[in-house]
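> Sequence below, structure please.
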Amino acid sequence: MERCGWAGSEQIYKDYHDTEWGVPEYDSRALWEKLILDGFQAGLSWITILKKRDNFRAAFEGFDPDVIAGWGEVEVQRLLGNEGIIRHRGKIEATITNARAWQKVEQRVGFDRFMWDYVGGVPLQNAWATLADVPPKTPLSEQISKDLKKEGFKFCGPTIVYAWMQACGLINDHLVTCPQREECAAMARDV
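Numbering: from 1, shown residues only. Now for the predicted structure:
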């Protein structure tokens with residue numbers, strides 16, 4: 001048994017794969033943080049975001065959507081000057097917009113419940129043999145993306161949503177040869 005090949009050889013990547021990726025996440029704020037980070041990752045490699053994650057957390061006040069929802073141009077300019085994060089105006093502004101959208105969903109039904117209802121509260125279990133078998137998006141990620149956009153979210157296309165679903169454990173996409181596959185599956189049964 002060996003870990004999924006995308007984890008590479010860098011320790012930070014292997015640790016992320018072994019302890020976070022695919023583990024079911026049920027906290028509304030943490031789910032939102034991961035969606036934002038996956039949006040920042042668009043067009044880049046995940047290792048880039050992973051190496052800057054602590055900088056992102058500091059720059060974005062611990063990814064507290066209630067704080068970020070009140071931000072405006074002053075904070076956008078501050079973040080555009082922060083060399084520790086990805087300085088992309090559209091993604092920064094989308095984070096503020098997404099904080100406001102998160103607040104509405106959180107107040108209405110809870111962002112965690114809103115997202116987990118798509119899979120009936122239990123992670124979907126895939127059985128991919130190779131990385132080439134794993135799709136970049138699915139009809140479900142396309143539907144979630146559409147629904148998020150209706151709620152006012154940005155930078156949440158179906159490929160971003162699929163990567164987010166994998167990261168947050170809504171789906172278990174560890175390869176059948178990966179020891180983490182069974183660990184994540186067992187966590188799903190414990191819910």
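> Tell me where this protein has helices.
Counting by DSSP state H, the chain has these helices, from start to end: 11-19, 28-41, 46-59, 65-68, 73-80, 89-108, 111-116, 139-150, 158-167, 179-190.
> of the ones you listed, which approaches Glu2 most closely?
helix 179-190 (7.9 Å; C-beta to C-beta). (Each C-beta comes from the backbone N, C-alpha and C, glycine too.)
> Dump the closest one to PDB, restricted to CA.
What follows is helix 179-190, C-alpha atoms only, in PDB (Å, rounded to 0.1, in the frame of the first residue of the first chain):
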ATOM      1  CA  PRO A 179      -3.800   3.300   3.300                       C
ATOM      2  CA  GLN A 180      -5.600   6.500   4.000                       C
ATOM      3  CA  ARG A 181      -8.600   5.300   2.000                       C
ATOM      4  CA  GLU A 182      -9.700   2.900   4.600                       C
ATOM      5  CA  GLU A 183      -9.000   5.300   7.500                       C
ATOM      6  CA  CYS A 184     -11.200   7.900   5.900                       C
ATOM      7  CA  ALA A 185     -13.900   5.400   5.100                       C
ATOM      8  CA  ALA A 186     -13.800   4.300   8.800                       C
ATOM      9  CA  MET A 187     -14.200   7.900   9.900                       C
ATOM     10  CA  ALA A 188     -17.300   8.200   7.700                       C
ATOM     11  CA  ARG A 189     -18.900   5.100   9.300                       C
ATOM     12  CA  ASP A 190     -18.200   6.700  12.700                       C
END
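> just the angle between it and helix 11-19, please?
Interaxial angle of helix 179-190 relative to helix 11-19 (axes from the mean of the first three to the mean of the last three C-alpha atoms, to 10 degrees): 40 degrees.
> Do me a favour and average the pLDDT over helix 179-190.
Helix 179-190 comes out with an average pLDDT of 86.
> Same check on stretch 135-152?
For stretch 135-152, the mean per-residue pLDDT is 98.
> hmm, back to that, looking at the helices of the chain, which is closest to Ala127?
Minimum separation from Ala127 across the helices of the chain (C-beta to C-beta) falls at helix 179-190, 8.3 Å.
> In that closest one, which residues are buried?
Taking 16 or more other C-beta atoms under 10 Å as the neighbour-count basis, helix 179-190 is seen to contain the buried residues Gln180, Arg181, Cys184, Ala188.
> Sounds good, over and out.
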